[in-house]
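Enquirer: need a structure here:
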Amino acid sequence: MAINEDTVKYVAHLARIDLSPKELEKLSHELKEILEFIDRLTKVDIKDIAPTSHILPVNNVLREDNPAASLPSDRALDNAPKRQGSFFSVPKVIE
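Expert: Below is the predicted model:
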């Protein structure tokens, strides 16, 4: 896939991102390099390589799930910039 400044400008418009001409040129170049690298990866022969989920032989270390007392709401709200009763108060984000 070819990436040029027009494609980046179009996607930036869709994302409502204002890019300066210098940023547009830099981002176009970086995205082109990324896609060229991915193209090189697709040409690598991996048929004899076993699938892996991690490069090192590690397993998740999980702790026991023991019930414990919850944090009291007053203590949880101690650093709240604004509170309403026993709840955090946040600005409305839906128009």
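
Enquirer: low-confidence stretches in this structure?
Expert: The model of the chain has pLDDT under 70 over residues 1.

Enquirer: now with 90, please.
Expert: Counting by pLDDT under 90, the ranges of the chain that qualify are 1-5, 46-63, 73-74, 79, 85-86, 91-95.

Enquirer: show me where it has its strands.
Expert: 83-84, 87-88 (DSSP state E).

Enquirer: among those strands, which comes closest to Pro67?
Expert: With CB to CB, the closest approach to Pro67 among those belongs to strand 87-88: 23.9 Å. Backbone N, C-alpha and C define where each C-beta goes, glycine included.

Enquirer: just checking: what are the partner strands of that closest one?
Expert: Strands that pair with strand 87-88, judged by DSSP bridges, come out as strand 83-84 (antiparallel).

Enquirer: would you mind pulling the contact partners of stretch 28-48?
Expert: With contact meaning CB atoms under 8 Å, 6 or more residues apart in numbering, stretch 28-48 is reached by Met1, Ala2, Ile3, Asn4, Glu5, Thr7, Val8.

Enquirer: give the buried residues for the longest helix seen in the chain.
Expert: Looking across the chain with DSSP state H, the single longest helix is helix 21-42. By neighbour count with 16 or more other CB atoms under 10 Å, helix 21-42 contains the buried residues Leu24, Leu27, Ser28, Leu31, Lys32.

Enquirer: farthest pair within those residues?
Expert: So, these by CB to CB: farthest apart are Leu24 and Lys32, at 12.5 Å.
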